[in-house]
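[1] Fold the following.
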Amino acid sequence: ASRRQEAERGPDAGGDVTAARRKPLPGDRTPADRLPVRVSNPDKVFWPDEGYTKLDLVRFYDFVFPKLQPWMKDRLISLKRCPNGLLGKCFFQKEKPDGMPADTPTKRIVHENGVRNYVVGGKKETQLALANLGCIAVHVWGSRQQNPRQPDWVCFDLDPDSGKFTDAARAGLKVKQALD
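    Here you go, the predicted structure:
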């Protein structure tokens, strides 16, 4: 059986979801006890085909955060959570999740259909705590918390249903043509 099929069966059905052979990632050498957050279930496999774990994700975000931080600073975040990895059920969350550090920055936004307390990006501890909760992807607002209704940049998120990079590249060229 493939690693994907084994992961879909899960450990209770005899599926092997251990990280067998995987390529090294930036940040691999950071000991778990040196990270600014405690990683729960560090060996939980998030990418069964590749063998990458929750600890790998947290280490990766720890490593790239200096480059990521300027793009996240003061921006509200919508979360895509996959607490059981990419083969598990994923869901979007706008509200600050339970289990986040008490000092996690938030911004209260009143919408027509209710009030949301969004997480505000920019702190490494916040980003790593989100990764620990299965936030593999985070989606930042185009505006900052000081003026949430006034975007200062736009991002075209090109995720083709096919999952093929070539389709995303074609879509990118069409967006460029439309903007030129």
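[2] When you work out contacts or count neighbours from here on, use the C-alpha atoms and nothing else.
    OK.
[3] count of neighbours near D43?
    By other Cα atoms under 10 Å, 16 other residues sit near D43.
[4] My guess is it contacts V58. True?
    No. Here D43 does not reach V58: they are 11.5 Å apart, not a contact under Cα atoms under 8 Å.
[5] now what about the strand ranked longest in the chain, what contacts it?
    Scanning the chain for the strand with the most residues, using DSSP state E, yields strand 135-144. For strand 135-144, the external contacting residues (Cα atoms under 8 Å, 6 or more residues apart in numbering) are 57, 72-83, 121, 149-155.
[6] before we move on, what about stretch 149-166?
    Residues from elsewhere that reach stretch 149-166 (Cα under 8 Å, 6+ apart): 141-144, 167-168, 171-172.
[7] Now render these as CSV, adding pLDDT and neighbour count.
    Converted to CSV, the contacts of stretch 149-166 look like this (pLDDT from 0 to 100; neighbours: other Cα atoms under 10 Å):
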residue, pLDDT, neighbour count
W141, 95, 22
G142, 95, 19
S143, 95, 17
R144, 96, 20
D167, 89, 15
A168, 89, 17
A171, 92, 16
G172, 92, 15
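[8] Which two of those have the greatest separation?
    Across the contacts of stretch 149-166, the longest distance by Cα to Cα is 31.0 Å; it joins R144 and D167.
[9] Just the buried positions in stretch 53-64, please.
    For stretch 53-64, the neighbour count (16 or more other Cα atoms under 10 Å) marks 53-63 as buried.
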